[in-house]
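Chemist: Show me how the following folds:
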Amino acid sequence: MSKTPHSVISEERENSPKPRKRLFEAGQMKLLVLHFVAQKPKYSYDIIKDVAALVGGNYKPSTGTICPTINYLEEQQFISAEITADERKRYSISSQGIKHLAAQKEAIELILSRFETRRRIQTDERYSNINQAMENLKASLRLKLQTDINAEQIKDIADQIEQAAAKIVDL
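Modeler: Got it, this is the predicted structure:
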């Protein structure tokens, strides 16, 4: 099966050395929603709770994010909606959705792994010193960048961050 443009973009972003600008890159939310619906039929609110639990922190996707994603997955016939007795839509994965999810298994595993690591770092008390140090670094950078710094100072800052990263890898 060939890769969809979304899966190619997701894989490129996962393997890119460039910093992430958004929590989710193109196509990742669609894959996550499909992944959660594959576990068992879900209402849109259940999907929102699942994504929030996976990501951790204070993130909770809005209905403005989830509903268009669900609509797209329905249009692609990856999921179908059933109207329940209480007149709510419950979504189930289709056979086409199962095939698509299987074809995107590696991309899903990368996304889940990234968010599991993120959640663990945010919630595991053992990492509190690292979290505090990262917050201090970000605050220091913001303060420094608010001043008038020259190209040499910018290079020095970048070099120091690169050296710290290399030392961490070597630990």
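
Chemist: For the residue lying closest to Ala38 once chain neighbours are set aside, which residues count as its bridge partners?
Modeler: Leaving aside its sequence neighbours, Ala38 sits nearest to Ile93 (Cβ to Cβ, 6 or more residues apart in numbering; 4.5 Å). Quick note: C-beta positions are derived from backbone N, CA and C, even for glycine. Counting by DSSP bridges, Ile93 is bridged to Ile79.

Chemist: My guess is Ile93 contacts Gln76. True?
Modeler: No - shown here, Ile93 and Gln76 do not form a contact pair, counting by Cβ atoms under 8 Å, at 11.6 Å.

Chemist: Compare these two (neighbour count), which wins?
Modeler: Neighbour tally, Ile93 and Gln76, criterion other Cβ atoms under 10 Å: the higher count belongs to Ile93, 23 against 15.

Chemist: Now do the contacts for that one.
Modeler: Residues counted as contacts of Ile93 (Cβ atoms under 8 Å, 6 or more residues apart in numbering) are 34, 37-38, 78-79, 101.

Chemist: tell me the contacts of the most centrally placed residue in the chain?
Modeler: The centroid of the chain falls nearest to Phe24 when counting by Cα atoms, centre = their mean (4.2 Å). Neighbour list for Phe24: Leu32 [criterion: Cβ under 8 Å, 6+ apart].
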